[in-house]
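A.B. asks: Below: sequence and its predicted model.
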Amino acid sequence: MEHHHSRIKDKHTDELFEAILKLETIEECYRFFEDICTIKEIKSITQRLQVAKLLRLEKTYNEIEEETGASTATISRVNRVLNYGAEGYNIGLDRLGYKKYKK
């Protein structure tokens, strides 16, 4: 995988991601993210991942909107990132076992 040049990279963000990588269980993730994020932030991130997953499963915008409650603007933004982003969604979804996204 080629090196990604992030616009958010700095030593503090590195430390955040190191802390996340040290979490070992779903329970630890719940504890960490409930402390560090608002419930709204967690739900928003969760929704975007579900939208990405459903786009990879070739669901329509209407089906995705119905299943996730996401707006068409959110679905469109996630779709754009799946196509032109840093491949982050694809790395995560590949490792969760979801089929490849057709670009």
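C.D. replies: Yep, that arrived.

A.B. asks: how about the strands in this protein?
C.D. replies: Counting by DSSP state E, the chain has no strands to list.

A.B. asks: Got the domain ranges for it?
C.D. replies: Residue ranges for the domains of the chain, per automatic domain parsing: 8-37, 39-103.

A.B. asks: For these, could you give me a markdown table that also reports mean neighbour count and mean pLDDT?
C.D. replies: For the C-beta atoms, the positions are set from N, CA and C on the backbone; glycine is no exception. A markdown table is the format used below for the domains of the chain (neighbours: other C-beta atoms under 10 Å; pLDDT from 0 to 100):
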| stretch | mean neighbour count | mean pLDDT |
| --- | --- | --- |
| domain 8-37 | 10 | 96 |
| domain 39-103 | 15 | 92 |
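
A.B. asks: What residues does Arg80 make contact with?
C.D. replies: Contact analysis of Arg80 by C-beta atoms under 8 Å, 6 or more residues apart in numbering lists nothing.
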